[in-house]
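In: return a 3D structure for these sequence lines:
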Amino acid sequence: MKTIMGFKETFEEKKDWRDLQKRAGKLPKEYLIVYKEIQKYLMKVDPINLSEDFTPLNELLDLFEESANKEKDVLQVTGEDVGAFADSLIPDSNTFSDLLQQQMDTQVSKKMDKWLDKI
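Out: Got it, this is the predicted structure:
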């Protein structure tokens with residue numbers, strides 16, 4: 001569960017985010033396009049973990065920087081299915097979608113139990 005951060009932690013997190021974005025801005029254009037799309041995707045499907053840990057984005061930048069230096073095409077790195085590649089960056093913990101599914105399953109179960117009790 002996310003804890004309340006003090007001023008210093010919040011400032012450091014924002015600084016880390018700005019540093020990450022500055023680093024991404026130095027990527028070649030085709031890498032930057034794919035990086036930004038993956039970043040947006042991760043923010044949608046895994047905002048809980050990504051807000052606390054930038055490791056997947058840092059690792060992605062490391063890979064993209066190294067591959068760009070070797071003059072590889074970005075889609076040689078990610079493969080044609082960029083979505084599947086992005087999913088591979090998500091840790092094995094619950095994503096936002098997983099949490100929503102669990103909440104829905106719990107609600108359905110409770111309501112079905114309540115309905116069955118009336119029968």
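
In: got a list of what residue 27 touches?
Out: 35, 61, 64, 65, 68 (CB atoms under 8 Å, 6 or more residues apart in numbering). Quick note: C-beta positions are derived from backbone N, CA and C, even for glycine.

In: tell me which element it falls in.
Out: Residue 27 belongs to no helix or strand when elements are defined using DSSP states H and E.

In: what backbone torsions are found at it?
Out: phi -70, psi 150 (degrees, to the nearest 10).

In: on the pLDDT front, check it for me.
Out: With respect to pLDDT, residue 27 has a value of 97.

In: by mean pLDDT, which helix or strand of this structure comes out lowest?
Out: Least confident helix or strand of the chain, by mean pLDDT, DSSP states H and E, is helix 47-52 with a mean of 65.

In: next SSE downstream of it?
Out: helix 55-69.

In: what segments of the protein are helices?
Out: 7-24, 29-45, 47-52, 55-69, 74-78, 82-88, 96-118 (DSSP state H).

In: just put those helices in TSV and tack on mean neighbour count.
Out: Listed next are those as TSV, based on neighbours: other CB atoms under 10 Å:
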stretch	mean neighbour count
helix 7-24	12
helix 29-45	16
helix 47-52	15
helix 55-69	16
helix 74-78	17
helix 82-88	14
helix 96-118	10
